[in-house]
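Engineer: Sequence plus predicted model, see below.
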Amino acid sequence: MAQKKFNSLNWYKRTVKNKKINRKNSKSLLGFLLIWSALENLYFENDNHRTPMADRLFELGKRANEITQQSEYLSFIHHFQERYFGANQDGERLFYNLFLGTQYEELVRNVVRDCKPTENIIPALLLIANRYRNNFIHGRKEPIKVHEYEKQFNILNQFLSKFIERTEDLRRIQHG
């Protein structure tokens, strides 16, 4: 007897009563999860996780500065500047909802708000991507409203794929 293909999207919509999620707006999330998985595999394959992910990403971003041009990533920072510090009244609240933590919050805020070439562009973008990942997977234990984050995941997908392509020489970094 052939098994019927399970439709996880319909199951999710019924279970969390989210009628706005659909195949189109969930594609950016699926892409993000796939690209993030590739990033972890390519850069942290044998990592023993004694160092927090935020610290490892910050270090990776700093090392990327040696082989990439920060100006290539300004458009991504500009997107988050508009989201968090533009005309959006909820921007500051949205920024705090990233839950960056005290160690990196000020650095990321300054990079995003100033939106100019700096050695911290790539680290800031990696930290933002990490928070979207964590907030999706762990969050506040409530189902994500993917339709509200479609654009952000799309921007992060573009950034992460460009980063991975431009930093091939940094792959397989070993952390101790």
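Structural biologist: Yep, it's here. Numbers count the residues shown, from 1 in each chain.
Engineer: And the helix or strand encompassing F163, what does it pack against?
Structural biologist: If you go by DSSP states H and E, F163 is part of helix 146-166. The elements that helix 146-166 packs onto, with contact taken as 3 or more CB pairs under 8 Å, 6 or more residues apart in numbering; DSSP states H and E, are helix 23-44, helix 74-85, helix 121-137. C-beta here means a position set from N, CA and C on the backbone, and glycine is covered the same way.
Engineer: So for it, what gets flagged as buried?
Structural biologist: Neighbour-count burial for helix 146-166 flags 146, 149-150, 152-157, 159-160, 163-164, 166 (criterion: 16 or more other CB atoms under 10 Å).
Engineer: again, but for stretch 127-143
Structural biologist: With the criterion 16+ other CB under 10 Å, stretch 127-143 contains buried residues 127-133, 136.
Engineer: What score does N154 have for pLDDT?
Structural biologist: Listed pLDDT for N154 reads 96.
Engineer: and if you look at R109?
Structural biologist: pLDDT at R109 comes out at 94.
Engineer: Now for it: which residues touch it?
Structural biologist: R109 sits next to F95 when contact means CB atoms under 8 Å, 6 or more residues apart in numbering.
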